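Asker: Compute the structure for the input listed below.
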Amino acid sequence: MAVTRDLAVRGKKSDRLKSPEAVEATIISEKKPTVEDKVLFEKQKTEEERTEQMLETILIDEKLSSILIGEYIKSGDTQAMHEALRRNKFENFLREGEKEELLTIRTRKDADLTTAENCELEIKRLEQEVETIDDNDIDEKYKKFTEISDRQTQAFRSRVLNSEVRKIGLSGDDKAEAVFKPADGEPHIMVKGSDIGTLTNHIPRGHLREWLAGVVAKAIGAERVVPPTVIRKIDGRVGSVQAWVKEGRMAVEHFNWQTEANQGDLQLIATLDFVLENSDRHHGNFLEDENGRLVAIDHGAIFPTRQKKDVLSLPLRAVKEQSIDQKIVANLQEAIANPWKMELLEKAFKITLGDSAIEKFGEFKGRMETLVLNKKFGDYHFPAGFDDYEEYFGMVEDEMAVSETPPTVKKKLEPPTVAGNRKAA
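Answerer: Sure thing, here's the model as predicted:
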C-alpha cells in the first residue's frame, strides 16, 4: 500500500499501474496540437460563441416584446398591442420557418489593401511616364492612359468589401421571403497576406448590428420603419434574417421624395440614423414598400468601431433643423426613463459590440437625450467626400425632374441590380 501511494504522489510514474489503453490515451492527450488542430478548435469555439449569442438575442427579443405588450395593455392601446403580438409571432416564424434558397444577391468579397497600395504606386509611375511622352505621340499616350485607368479600377476593387447576402423563402405556419446575412459571410481586410479583421472589427458582428437596429427601433417606437429581424441558423450558419420588403424600390426614385414621402416615416428613420450613428444610409438603403411607406434596411454599419465615421444619412439631411414630432420625442423620453428597456438595450449592446459596448451605449443615450432636449434635428451636413449627395436635394429645390441618379453620384455608388431589400450595396 505504501508503494502504491508513493507512485500516485509522484504523478506520471503511476502510469505503470494503468492499463495499456489508459497509457495510450494519456500520450495522445499530451501530443502537441498541430496547426490544423488549432484552426479546428478556433472554428468550434467561434461556432459555440455565435450559438450562445443567438440564444441571448432570442431572450432579449422575448423580454422586450413582453415589456411593450404590457405597456400597451396598461395604456389601453389595443391597436399597438395587436401589432406587437403580430410582430412577435412573425419574428418567431422567421426563426423557425423551413428555409428554401431563392437567390444569391451578393457573395463575400474581402479587401486586399496591399494590392490597392501597389496599384496606386504603379499609377504614379505611369503618370510620370505620360509627362515624358511627346504630345504628338497620341497612340502611346492613349496606351498609358488606358493602363492608368485599369490600375485605378483594380485599386478600387481591391478596397471594396462585400458581405454575403442571400434571399431565402420561409414556410411553415406562415410564408415569407427574407434576407439572410451569415456571420461568416462578413468580409475581411487583408494586408500583405495577414487578416487584420472584418469590416466590423476582429469578430464579425455585422449580422448582430442588423438585429440591434431592430431592437432599438422597437424600444423607441420606431419598429414600423425597420423590417422584423432575428438571429438564427440557416444550414448550420448563424446570421441575421430580415423580412423582405415586398415590391420595395428606392425612395429617391420619386420626384420630391423628401417632401412627398410620409414625413412621420422620414423622421423616424432620421431619428434612428442619428442615435445609431449610421454611416451608411445612402440612396439604396431606404425603400418605399408596396403601401407607399418608407422602410430602412441594411444596418450593418451602425456604431462603427474600426475607425471614426460620421453619420451618413439622406433622411437626416431631408429633415435637418425641423421640429421633431412630439410622439417621437415622448417615446425617446419614455425609453430613457424606463429601467427595464435600458437594461435590455445595454445587454443587446454588449452582445453586439463586445468591448466597445460601454462606450457606444453611453454615446447612444447621449444622442437620445440630445434629441429630447432640443426637440429638433440639428443642422446636418454630409461628411467630407460625400458632397455630391446634395444633388439629390439641389435638383428638387431647383424644380428639376429627377429621371435618374445624378451622374456625379453614380461615380461613388454602384447601380441597383436586385429589387427588394438589396437595391444597392
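
Asker: Mind telling me what element the residue nearest the centre of the chain is part of?
Answerer: Most central in the chain under CA atoms, centre = their mean is Gly300, positioned 0.9 Å from the mean C-alpha point. Assessed by DSSP states H and E, Gly300 sits outside every helix and strand.

Asker: Return the distance of the nearest residue to it once chain neighbours are set aside relative to Glu147.
Answerer: Spatial nearest neighbour of Gly300, chain neighbours left out: Gly206 (3.8 Å); criterion: CB to CB, 6 or more residues apart in numbering. Glycine gets a C-beta too; all of them are placed from N, C-alpha and C. Gly206 is 36 Å from Glu147, where distance means CB to CB, to the nearest Å.

Asker: So for these two, which sits in the more crowded spot?
Answerer: Gly206 (25 against 16; other CB atoms under 10 Å).

Asker: can I assume the more buried one is in contact with His188?
Answerer: No: taking contacts as CB atoms under 8 Å, Gly206 lies outside contact range of His188: 11.8 Å.

Asker: Mind listing the shared neighbours of the two?
Answerer: Counting by CB atoms under 8 Å, 6 or more residues apart in numbering, the residues touching both Gly206 and His188 are Thr198.

Asker: count of neighbours near the closest residue to Arg87 other than its chain neighbours?
Answerer: Spatial nearest neighbour of Arg87, chain neighbours left out: Pro228 (5.9 Å); criterion: CB to CB, 6+ apart. Using other CB under 10 Å, Pro228 has 22 neighbouring residues.

Asker: Same check on the one 3 residues further on?
Answerer: By other CB under 10 Å, 26 other residues sit near Ile231.

Asker: Secondary structure element holding it?
Answerer: For Ile231, the secondary-structure element it belongs to, assigned by DSSP H and E, is strand 229-234.

Asker: Show me what that strand is packed up against.
Answerer: Strand 229-234 sits against helix 35-75, helix 78-96, helix 206-219, strand 237-243, with contacts defined as 3 or more CB pairs under 8 Å, 6 or more residues apart in numbering; DSSP states H and E.

Asker: of all the ones you listed, which lies closest to Ile133?
Answerer: Nearest to Ile133, of all these, is helix 206-219, at 46.3 Å by CB to CB.

Asker: I'd like the mean pLDDT over the closest one, please.
Answerer: In this model, helix 206-219 has a mean pLDDT of 96.

Asker: just checking, what packs against that helix?
Answerer: By 3+ CB pairs under 8 Å, 6+ apart, helix 206-219 packs against helix 35-75, strand 175-182, strand 229-234, strand 237-243, helix 263-275, helix 339-353.

Asker: how about these in a markdown table, adding distance to Leu332 and mean pLDDT?
Answerer: As requested, the helices and strands packed on helix 206-219 are exported to a markdown table (distance: least, CB to CB, whole Å; pLDDT from 0 to 100):
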| stretch | distance to Leu332 | mean pLDDT |
| --- | --- | --- |
| helix 35-75 | 15 | 84 |
| strand 175-182 | 28 | 94 |
| strand 229-234 | 21 | 96 |
| strand 237-243 | 24 | 95 |
| helix 263-275 | 8 | 96 |
| helix 339-353 | 11 | 96 |
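
Asker: Now distance to Ser194 too, for these, in TSV please.
Answerer: Listed next are those as TSV, based on distance: least, CB to CB, whole Å:
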stretch	distance to Ser194
helix 35-75	16
strand 175-182	23
strand 229-234	29
strand 237-243	25
helix 263-275	34
helix 339-353	24
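
Asker: on that earlier part again, can you pull the pLDDT of the residue nearest to Arg87?
Answerer: 97.

Asker: Tell me who's in contact with it.
Answerer: Arg87, Phe90, Glu91, Leu94, Gly214, Gln242, Ala243.

Asker: run the last query once more with 10 Å
Answerer: Residues near Pro228 by CB atoms under 10 Å, 6 or more residues apart in numbering: 61, 86-94, 176, 178, 214, 218, 241-243.

Asker: now do Arg125
Answerer: Counting by CB under 10 Å, 6+ apart, the residues that Arg125 touches are Glu147, Ile148, Arg151.

Asker: Fine, thanks again, bye for now.
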